[in-house]
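Enquirer: Structure for this input, please:
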Amino acid sequence: MFIQGVVSGKFADVDSNNMVKADSVSRTKDNFINGETGKVWSLSFDAIDPAGAADKFFYLQNTGSEAIRITDIRLSSTVAGIVSLKKVSGTAVYVSETVVTGVSRRTGKSPTLQADVRIDTDITGLSDGGTWFYLPLSSPGQQAHLSTSSNIIIDAGDAIAFEWDTATGIITGTVSVVENGII
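Expert: Numbers count the residues shown, from 1 in each chain. Sure thing, here's the model as predicted:
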């Protein structure tokens, strides 16, 4: 049976219980943003060797006006240890930093991530504002994965850092971020 909309005049299929038959597709927010603007990036780094225990090795500060959301973190190390994901403030001081450039996950677009992202062996000058997560890297070479539905949202001007608890170990990883006003 089909019914016709009074206002639109369009037809809809109705089942025997008088329910409209409909199909729908749902997309994750980051999938939608990537499809619309390409503002989804991978921040990948390879072979960073923090100088000692409790050293910060990854820093991200939002330099834009839109919130940046971390949707996914994947890390591995040559030794077991724990990475702490921290809210930080202050001015980062580096020993020999490397700028991490975001790679858009959309080939037809190349937006620029509005953030200062760097890795280093010992980032200092930062005050801890609290720890969001502890990410254990339990076995050498095994990838640890953090995915949280609430995301880590970094507002304009705010910053985060990753801290390594072990005095040895070479860390490799990718941090997935999204920039968009849709929170």
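
Enquirer: what about the strands in this structure?
Expert: Secondary structure of the chain by DSSP state E: the strands cover 2-4, 11-13, 40-48, 55-62, 68-77, 81-93, 98-99, 103-104, 115-137, 144-146, 152-154, 159-164, 171-179.

Enquirer: Just send the ones you listed back as CSV, with distance to Asn31 too.
Expert: Using the backbone N, CA and C atoms, a C-beta is placed for each residue, glycine as well. Listed next are the strands of the chain as CSV, based on distance: least, Cβ to Cβ, whole Å:
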stretch, distance to Asn31
strand 2-4, 33
strand 11-13, 28
strand 40-48, 8
strand 55-62, 22
strand 68-77, 10
strand 81-93, 23
strand 98-99, 28
strand 103-104, 14
strand 115-137, 21
strand 144-146, 18
strand 152-154, 18
strand 159-164, 23
strand 171-179, 10
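
Enquirer: Ramachandran angles for the closest residue to Val79 other than its chain neighbours?
Expert: Sequence neighbours aside, Gly169 is the residue nearest to Val79 in space, at 3.9 Å (criterion: Cβ to Cβ, 6 or more residues apart in numbering). Per-residue torsions, Gly169: phi 110, psi 140 (degrees, to the nearest 10).

Enquirer: Return the distance of Gly169 relative to Thr131.
Expert: Going from Gly169 to Thr131 by Cβ to Cβ, to the nearest Å gives 19 Å.

Enquirer: Between those two, which is the more surrounded one?
Expert: Taking other Cβ atoms under 10 Å, Gly169 and Thr131 do not tie; Gly169 has more neighbours (18 against 11).

Enquirer: pLDDT at that one, what is it?
Expert: On the pLDDT scale, Gly169 is placed at 92.

Enquirer: mind listing what it touches?
Expert: 49-50, 77-79, 81, 137 (Cβ atoms under 8 Å, 6 or more residues apart in numbering).

Enquirer: which one among these gets closest to Thr71?
Expert: Leu137 (19.6 Å; Cβ to Cβ).

Enquirer: Show me the beta-bridge partners of the closest one.
Expert: Note on Leu137: beta-bridge partners Gly81, judged by DSSP bridges.
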